[in-house]
Structures are given as C-alpha cells and as structure tokens.
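Visitor: Need the 3D shape of this:
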Amino acid sequence: MARQDSATQKGIGPIVSASHLADGGLPALSEMEFALVILSNAFQRWITRCTSAAGGEGLSAIEVQILHAVNHRERDKSQSELCMMFNIEDTHVVAYALKKLEALGLVESGRRGKEKTARITRDGADLCLRYRDLREKLLIESVKSLGLDESRVSEIAALMRVMSGQYDQASRAAASY
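Guide: Numbering: from 1, shown residues only. Model (predicted):
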C-alpha cells in the first residue's frame, strides 16, 4: 500500500492500460485488470509453447486447457461440464476443441445417457505427463526460486475466483442495462 501511495504522490498512479478507467472509485481494480490481461496472455503463450515442446504442436490455449481437464481424475467429462468448469459461454468453443483433440487421438468420445462425453486416450495422458514434466523443469523451479509463500498464492487464486463472480454478476447486469 505504501508503494502505491508514494507513486500516487509523485503523480505516477497505478500501472494500468487505460488511465480513464483508473480515474474512478477503485483504481486498484484497473491495476488488477491490466495485470490479468498481461498474465493471461503470458499464460496462454506458455501453455501452448510448453505443449508444443512436449509433442502437442498446433494446439490453442483453450485446447490445452480442455485436454488437461479431460485428463483430470481420469473421469469422462461432458461438454457442459467443461463449459461450466472454464466459465465458457460459447459452447461451440468447447465442441470445436473436443473435435480437434479427438481427431488428434488425444481424447475419445463416449456417452453418459444421452450426453456425449470425452475421455482421455493413452496418447492424451502421455502428452499431459510430458507437459507436467516440462512444467516442473521450466516453470516450477523458476517460480520456487522467487520464494513466494504458497498460502499467499492460494489466497490470490481464491480472490481471483471470487472476482470472477463479481464480473459475471456485472456482466448479467450489463446485458439488461
């Protein structure tokens, strides 16, 4: 807090991409939003490049995320479960990703009653394990060297999930505004 106060006193203000948004009642939220944009872009670039290095060339960030989600706990996942898990409104995004992953032999389709499901294949599970090994070597070792408090990182993650609910509520309000 003291850092921001001294920055504000010097006329610098928070680090944002749109100063007109930071002029409002909660400048720190604009700072967080800009950080989320930068983090999101870096994260998406990371997961696609790590997957490519692990042997999964040509997958988009959402396809990588869906692959890992289908692999999660080795339990079949439906399209609606995947949409809910990732807070994706456009079901076509998930449907396309599942079709592409199936065409590559990384997932296979199944059924749970009338609902179509996806399950990981041996090739898909192997790719996820190679990704995990590269993640440990290239990312986790580096992040651990920062000396971050794991409980603090978990607190930030919890805050981000809470904030997603705030943005969802505001989005619903904006849809009817």
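Visitor: From residue 56, how far off is the closest residue to residue 123 other than its chain neighbours?
Guide: Nearest residue to residue 123, sequence neighbours excluded (Cβ to Cβ, 6 or more residues apart in numbering): residue 105, at 5.1 Å. From N, CA and C alone the C-beta is placed, and that goes for glycine too. Distance of residue 105 to residue 56, given as Cβ to Cβ, to the nearest Å: 11 Å.
Visitor: Can you list the low-confidence ranges for this protein?
Guide: For the chain, the stretches with pLDDT under 70 are 1-13.
Visitor: What are the boundaries of the strands in it?
Guide: Taking DSSP state E to define them, one finds strands in the chain at 77-78, 107-112, 115-120.
Visitor: related to what we said a few turns ago, between residue 105 and residue 56, point out the one with more neighbours.
Guide: Just comparing residue 105 and residue 56: by other Cβ atoms under 10 Å the higher neighbour count belongs to residue 56, 23 against 12.
Visitor: give the contact list for the residue lying closest to the more buried one once chain neighbours are set aside.
Guide: Residue nearest to residue 56 in three dimensions, not counting chain neighbours: residue 127, with 4.9 Å by Cβ to Cβ, 6+ apart. Counting by Cβ atoms under 8 Å, 6 or more residues apart in numbering, residue 127 touches 51, 54-56, 67, 106.
Visitor: taking these one by one, which sit in helices?
Guide: 51, 67 (DSSP state H).
Visitor: For ChimeraX, write the selection for the buried entries among the contacts of residue 127.
Guide: Applying 16 or more other Cβ atoms under 10 Å to the contacts of residue 127, the buried members can be selected in ChimeraX as follows:
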select :51,54,56,67,106
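Visitor: deepest of the strands of the chain, which one?
Guide: strand 77-78 (a mean of 20; mean count of other Cβ atoms under 10 Å).
Visitor: hey, where'd the helices end up in this structure?
Guide: For the chain, applying DSSP H gives helices covering 2-9, 19-22, 27-53, 61-71, 79-86, 91-103, 122-135, 141-144, 150-175.
Visitor: Summarise which helices and strands the longest one is packed against.
Guide: It refers to helix 27-53. For helix 27-53, the contact count by 3 or more Cβ pairs under 8 Å, 6 or more residues apart in numbering; DSSP states H and E identifies helix 19-22, helix 61-71, helix 122-135 as packing neighbours.
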